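Novice: give me a 3D structure for the following:
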Amino acid sequence: MYAGASLHIDSGAIAQNTRRIAARTGAAVMAVVKADGFGHGDAALAALRNGATWLGVTSIDEALPFRWRGIDAPMLSWLNPLDADFAAAIRHDIDLAVPSLRHLASIQTAAQRVGRPAQVHLHLDSGMSRDGIDRAEWNALCELARLGEAAGLLKVRGIMSHLARADQPGDPATRYQTLLFENAVRAARHRRLSPSVVHLAATAATLTDTRTHFGMVRVGAGLYGIDPSHTTRLRGAMTLTAPVTLLREVPAGTGVGYGLAYRTDRRTRLALLPIGYADGVPRSLDARAGVQLNGRRVPVAGAVSMDQVVLDIGDLAVAAGDRATLFGPGDDGEPTLADWASWAGTIEHELVTRIGPRVSRDRTAA
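Specialist: Numbering: from 1, shown residues only. This is a model prediction of the structure:
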């Protein structure tokens, strides 16, 4: 595999995080394994064996492989275009979110063609102006869903929404959205709908606000060791390493990388890692960025290239082939994902989902 850059996935950490989060709530836990498990690959079984009872994905295309593998846990797909293969989802017992009246019509048409009802979750936009139906159309959606149930075309199994500021505990927007969601659930029940699962909270709200839990919580980032609220210590499940491929000694004042913005302030040694922004290393790093190499933190020198990162290692004893740890769980003092997110001005979720295919993967079993 390309130049030896390697990503280690600790399935045991995913299992541990799932157990810890499940212990924090009396609600059912949906393990969100979209985007290839937030870049972690196969995380479904580790989550399901350690407290999760549902799976959540975005598209039907993400959902179907789980069924082909024989995983029969309840599963929800919540982001599909109007021409998605709803019939395949219905045939494979994949629940579908309904974010618009047109989606409801498309799903019912597919159910009629398949000859069995679709299991759906009515999706309310409670304040993000993103996915989900506008509140002004909620009553119409509920009424049409009731008629669809009466016609045997669907069953409303769930009601859902998403919180905008749950990563900021105590923010009044969360309470406001929760109240709007409660009103929407009441309106649906008033129209004789009987959802068995009502869900609003993702990882941050699951960890910080029990009022948002209802009957189920959707946990994605938390499975992989990311707490957007920064209130709970979870275990990172990724460790990214790369080998030193080249060493050189340079005098003070030597420019490094594109733009030569970095200049050495002393005679020093530089080490080259064969990994770059094509592999998911963010180019937008600030001056604090560094890696761990042979037990010491050393700084990134200059701009990250598409395929290369340069380190200023000073007098550290390093040989070609020694491995640098870009990030890991932090057990041995190595940088963590939270460090890299801070240095790059982004969120941990982005970093774990952008590791490219040139980086080899290996996994520790749960």
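
Novice: tell me where the stretch 1-150 of the chain has strands.
Specialist: Taking DSSP state E, counting those that start in this stretch as the criterion, the stretch 1-150 of the chain contains strands spanning 6-10, 28-32, 54-57, 75-77, 95-98, 118-123.

Novice: who wins for proximity to Ile347 among those?
Specialist: strand 28-32 (15.3 Å; C-beta to C-beta). For glycine as for every other residue, the C-beta is placed from the backbone atoms N, C-alpha and C.

Novice: most distant residue from the middle of this structure?
Specialist: Within the chain, Pro251 marks the point farthest from the mean C-alpha position, 43.7 Å out by C-alpha atoms, centre = their mean.

Novice: so who does it touch?
Specialist: Contact analysis of Pro251 by C-beta atoms under 8 Å, 6 or more residues apart in numbering lists Thr264, Arg267.

Novice: so how far is Tyr258 from it?
Specialist: Shown here: Pro251 relative to Tyr258, a distance of 20 Å by C-beta to C-beta, to the nearest Å.

Novice: next one: Asp10
Specialist: With the distance defined as C-beta to C-beta, Asp10 ends up 34 Å from Tyr258.

Novice: can you pick out the residue with more neighbours from these two?
Specialist: Asp10 (23 against 12; other C-beta atoms under 10 Å).

Novice: tell me what that one is bridged to.
Specialist: Beta-bridge pairing for Asp10 (DSSP bridges): Thr364.

Novice: ok, now which ones touch it?
Specialist: Going by C-beta under 8 Å, 6+ apart, Asp10 touches Arg235, Gly236, Ala237, Met238, Thr239, Pro329, Arg363, Thr364.

Novice: and the last one, how many neighbours?
Specialist: Applying the criterion other C-beta under 10 Å, we find 12 residues in the vicinity of Thr364.

Novice: same check on the second one?
Specialist: The burial count assigned to Gly236 is 22, neighbours taken as other C-beta under 10 Å.

Novice: just the element for it, please.
Specialist: Gly236 is part of no helix or strand, with elements assigned from DSSP states H and E.

Novice: you'd agree it is up against Gly330?
Specialist: Yes. In terms of C-beta atoms under 8 Å, Gly236 counts as a neighbour of Gly330; the distance is 6.9 Å.

Novice: need the residues touching each of those two.
Specialist: Counting by C-beta under 8 Å, 6+ apart, the shared contacts of Gly236 and Gly330 are Thr336.

Novice: Ile71 touches Ala52, doesn't it?
Specialist: No. Ile71 lies out of contact with Ala52 (C-beta under 8 Å); the separation is 11.5 Å.

Novice: next, the contact list for the residue lying closest to Asp134 once chain neighbours are set aside, please.
Specialist: Nearest in space to Asp134, with sequence neighbours left out and distances taken as C-beta to C-beta, 6 or more residues apart in numbering, is Asp125 at 5.8 Å. By C-beta under 8 Å, 6+ apart, Asp125 lies in contact with Pro99, Asp131, Gly132, Ile133, Asp134, Arg135, Ser161.
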